[in-house]
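1. When you get a sec, could you give me coordinates for this:
(2 chains)
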Amino acid sequence: MSTQEITEVRRFAAECIEAAGGVFEAANGAVAEALLPEALQPAFGGHSLIELAFDGQALESHPEAELLTVGTPALEALIAYAARHGTTTCGVIQTDRLRKKGFLETVQSEITLTGGCRLRHDERDQEARYAAYAVFHFRLSLVSDERRERVVILPVNLWSNRAAPELAEALPGLAVTTGRPWMIPDAPRAPIPDAFDTARAWLEGEVGRLQESYQARVLRRLEVDVARISDYYEGIATELRVRHEHEADDPERRRDLDAKIAAALDEKERKLRETAERYRLRTTVRLAAARLLAQPKVFGRFLIDRKQVTRELTLAYDPVLERLELPACESCCQPVHRLTVAGGKLVCPGCAG
Amino acid sequence: MGVTGATRRTSTRRQEADVPAAATEQRLVRVVTAAAERARKRADQIRAQREGTLYYARQRLRQAEDAYRELSQDVEYLTDYGRDQREGARLARQAARFEIENARRAAEKEAAPLTTAAAKAEKSLRRSERLTDPAGRLAALLEAARALDDTLTLTERRSVWEAQALLTRLQAPAAAPRQPEAAQRETGDEQGKPEAAPSPALAYLPEPAPILFDEGAAEIVARLAEERFEPEPLFRLNLEAQRLSLVEGFDALLCLQAIRDVTEYPHQVDTARQVLRRMRGRALLCDEVGLGKTIEAGLILKELMMRGLARRVLILTPPALVAQWQEEMSGKFGIECVTHDDPEFRARGGEAWGEFDRIIASISTAKLTAHSPHILKQSFDVIVVDEAHHLKSRTSLAWKFVNQLPKKYVLLLTATPVQNNLDELYNLITLLSPGQLKTVRAFRQEFVQRGDPRMPKNQVKLRELLMDVMVRNTRSQVHIALPRRHAHTAQVKLHQEEGALYEEVARLLRSGWGDGRRERLVAATLQAEAGSSARALAPTLAKMAAGDGKYGAALRQLAEQARAVSAFAKADALLTILRRHSEKTIVFTRFRETQRYLAEALDQAGIGTALFSSELSRAEKEAQIALFANERPVLLSTDVGSEGRNLQFCHALVNYDLPWNPMKIEQRVGRIHRIGQTEEVHIYNLAGRDTIEDYILQVLDTKINMFELVVGEIGMILGNLEDEREFDDLVLDLWLEAESTEKARDAFNALGDRMVAARQEYQRTQAYDAALFAEEFVAEQ
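-> So this is what the prediction gives:
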């Protein structure tokens, strides 16, 4: 293990043991002592006081120590403990920009109203509210004849119930405090199970794209395998056919050779299917953890007039990502840049016919 | 999307589809050009070589011509002798001309096809340049490649296969049998209509399995919905746990930290990595003897299991190695396997093959009609075949059986992949990767010297093909050179009461004791204890006497007799050795009672001991090793595993009693004769005269010099013995069947002769394989 890996594992072990109520004391870089809480003792042979080594070499001077490196049963036990806990938490994305100047202009530049609609907005008609995201941490495993895993983080905007992968990219650079929001009222939220369904649908699309690229890649490998195996069995069959031609006077021998040719071709099919089956991709997705993140956003009330009809539309501006959240068509539910009023509904031109 | 958009997109995709075709074409042009040049060079080389060998023939021709010319100047004045000389010169001239002509013809016969093939290929290449149709160009290039088929390397052959697949796709009719959406999108238009026919491989490409969402999500979603939150540090810890446990490619092996009591060597780790990464889990591992093929297989197996890639494992070994594999997999890798001999397994009949996930079976049992149909119904993730040279014949039941087994990963282990001819190698490789070496006829034509099935030709190409599936580490390349080991065997004359007791035990066991499994186990235990010490024997006899009706009285009497033994000849011999040999010494015994007795005896003699046995906890074991290293001159140890512990500071070992299985003896010796040992190692063997251990030592030490063999060679020799019984079973049979000491001696002598023959056979094969493979297949670092 590299020094960095040793440091990471030691930090994880310390945090894990202390979070579980134990005591961790580092003796030197590669060895530490720990007083284990009851919950962790079974994984360490029932002992409460143990020595931990973070490097195989450290075992030479501390033979009693439990080796704790990637892949060891002891680390697996700590990982399993950590994975069972801390599955849900909450936090607040901090921002102090709680008003949006030129909200109307922003909306007009992003959304085009068609069909003679007019947009009205009063700058005083905006307020800051806590909108929320459900941030799902999925563990994705792609298994064929090898295994590749990754963690996919997907926030779902609970105001719009839309996947917000762009927030996942921005999250590491944002100031997130722990705890619950206060001071200002909450914006309406989609139920969490609905948000999970949204996340799941988005992930299915994402996995679908991964699978497509895997299939295209594996096809090249399989082509080589198919050519090799086919060449081999077809070669055998050809040799047998030549012999078959030479045995014109011996029907029994010809029957025997016919059977052998059929067997070779059967075996070819079997081997081809067996080889191909090795490449079958199996994808498993596990929800490892989820977090509810609140974030102040500016909500503005807009009025859309068309002929005698006036519709009210509430739009949200995200001061963190600095962008307007697009409204959804009330017919097809897709986020839209073009909007009109038809039959009393706010719809996209496509749905308006 | 509008019509214009769709058309633009389709056109872009067409252009994208042309890109691989162009790349394939370019690759094929490079392949053909290189192969043609190689063929011409080879032809020139053949001609030049022949010219070189004709040097002397030309000299002879010149001499004969000169002599004939000289003698022909005045023919009418020649004597009879002169005429004879002239005739001789004429014949010599004729013979030399004939020889030169023949050699030229032979060279031409070999070189001309190469030149013709190169010319033909170049012609097709030129033709392809004139064509505008991509399919036509590709067909011409393939024709060029086919002309040079015999000279293509594996990599080049792959390019040809790829091009062939592409051409089939371009030429085949538009209707596709089945095409996954992904591929359709790559090659087809919006409506899913393919533009070109699919690759033949597409018909086999399996659809990805449906995405499986773990059920545990519901609980987390519910917790989040109910706002049942946990502290932020625990959440961060959870994320860190996820990150630490992510599995990526095979560059870093997870299993290395998960195994204990194994000192894995760099070549073993390199091999495991190469097999997993480059060979995708299908390989022929044929390291030289003693370099740890089992460890390599264990590492690969463990890695696959830890990554969730393998659950069902079948290990096929010779019968004598089943127990050893079970022990090694469990002890070294924590992989618990059931053997087909286990009562639990046997009790379930044929269904057991499907009910247990990890099975070790002897290949001779597995291939039997009673088992094979059940096994062939199963789908195993990994198949390991140890001593795979038993699959050398394609017509054998064993080969056919393994060939039929459905398998994802397969490891064939043997130190001697070729024993008699190259067909054997072909058969092993074909099991792993059918077609890798083409059909057997093509293989022989291309890679085997005519008239000598042991000699390869086209070695560069053969090596390249083999490198795809074969690893062979050699002792000289992995730099494992251990100091010599010396054996000293002391044949000890037992004291009269000891000798009598031993004889009595043997007599009892030979007098219709029974040969059921349990009876044989008891017989082996009693005879081994008798060979160790009366102290070891007495408690077993007493315990058995209490429960055995038929032999109760005899056993009771023997127990009394054993308890009465007060002098121990082997213990005296041990004291003599220890006094003479003042360095640190490990004394091995199989039995705890003997160990206790020896501790007392050595203590009385003023020799301090440390004790190592299975009864100790891990900490106690470490303490005893430390005691031995720092204070006490002698470590009294039972056969409990102390592998992985550094005992190389000790250079002497005493076998106070002897395991009957040579592999176990090898394990004992391996405790000190291992990497890190710098001194020559001395092994002292103690055996009472005319005991079974005495005879075993005569076979192993006197006849085949077992103690001076390289580690692992004894296993190869036993493998050549062609006896399905384990060695300890074999010697027990010989011992129990002998009616007298003389008959036992004769039987063991005959066994010794068989062992000598087996050793010679092994040495012959080993030399052949070493010459054949040299050092070309060492694992990449």
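2. Every contact and neighbour count from this point should use C-alpha atoms.
-> OK.
3. Now residue 331: which helix or strand?
-> In the absence of a named chain, chain A is used. Assigned by DSSP states H and E, A:Ser331 falls within no helix or strand.
4. that's the wrong chain, I meant chain B
-> Applying DSSP H and E, one finds B:Gly331 within helix B:322-333.
5. contact partners of that helix?
-> Residues outside helix B:322-333 that contact it (CA atoms under 8 Å, 6 or more residues apart in numbering or on different chains) are B:258-262, B:298-299, B:302, B:335-339, B:360-362.
6. Show me what the next helix or strand after that helix is packed against.
-> Using DSSP H and E, the helix or strand that follows helix B:322-333 in sequence is strand B:338-339. Counting contacts by 3 or more CA pairs under 8 Å, 6 or more residues apart in numbering or on different chains; DSSP states H and E, strand B:338-339 packs against helix B:322-333, strand B:358-362.
7. Give the partner strands of strand B:338-339 in its sheet and their orientations.
-> strand B:358-362 (parallel) (DSSP bridges).
8. Counting neighbours, which bits of the following helix or strand past the strand it pairs with end up buried?
-> Counting by DSSP H and E, the next helix or strand C-terminal to strand B:358-362 is helix B:363-366. Buried residues in helix B:363-366, counted by 16 or more other CA atoms under 10 Å in any protein chain shown: B:Ile363, B:Thr365, B:Ala366.
9. would JSON lines of those residues with pLDDT and distance to A:Gln41 be doable?
-> Putting those into JSON lines (pLDDT from 0 to 100; distance: CA to CA, whole Å) gives the following:
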{"residue": "B:Ile363", "pLDDT": "92", "distance to A:Gln41": "43"}
{"residue": "B:Thr365", "pLDDT": "91", "distance to A:Gln41": "44"}
{"residue": "B:Ala366", "pLDDT": "94", "distance to A:Gln41": "43"}
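10. Show the model's pLDDT score for A:His62.
-> At A:His62, the pLDDT value in this model is 82.
11. I'd like to know how far it sits from B:Gln257.
-> Going from A:His62 to B:Gln257 by CA to CA, to the nearest Å gives 16 Å.
12. The helices and strands packed on strand B:338-339 into CSV, with extra columns for mean neighbour count and mean pLDDT?
-> Converted to CSV, the helices and strands packed on strand B:338-339 look like this (neighbours: other CA atoms under 10 Å in any protein chain shown; pLDDT from 0 to 100):
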stretch, mean neighbour count, mean pLDDT
helix B:322-333, 18, 87
strand B:358-362, 22, 95
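13. Take those and lay them out in CSV including distance to B:Lys109.
-> Shown next, in CSV, are the helices and strands packed on strand B:338-339 (distance: least, CA to CA, whole Å):
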stretch, distance to B:Lys109
helix B:322-333, 53
strand B:358-362, 50
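14. tell me the mean pLDDT over stretch A:38-55?
-> 88.
15. Check stretch B:737-750 too.
-> 91.
16. Flag every buried residue along it.
-> B:Ala738, B:Ala744, B:Arg745, B:Ala747, B:Phe748, B:Asn749.
17. Off-centre distance for that stretch?
-> In terms of CA atoms, centre = their mean, to the nearest Å, the centre of stretch B:737-750 is set 36 Å apart from its chain centre.
18. residues making contact with that stretch?
-> B:Arg510, B:Asp690, B:Tyr695, B:Ile696, B:Val699, B:Val731, B:Leu734, B:Trp735.
19. Nearest to chain A among the residues you listed?
-> Using CA to the nearest CA, B:Ile696 comes nearest to chain A of those, at 38.0 Å.
20. so that closest one touches B:Trp660, yeah?
-> Yes - contact criterion CA atoms under 8 Å: B:Ile696 and B:Trp660 qualify, at 7.2 Å.
21. okay if I get the buried residues of stretch B:737-750 as TSV plus secondary structure?
-> TSV is the format used below for these (DSSP: H, G, I helix; E, B strand; the rest coil):
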residue	secondary structure
B:Ala738	coil
B:Ala744	helix
B:Arg745	helix
B:Ala747	helix
B:Phe748	helix
B:Asn749	helix
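22. which stretches of chain A have low pLDDT?
-> The model of chain A has pLDDT under 70 over residues A:1, A:181-184.
23. can you pull out the helices in it?
-> A:3-19, A:58-61, A:73-84, A:103-110, A:165-170, A:192-246, A:251-278, A:349-352 (DSSP state H).
24. same deal with the stretch 1-150 of chain B?
-> B:3-53, B:55-72, B:80-130, B:134-147 (DSSP state H, counting those that start in this stretch).
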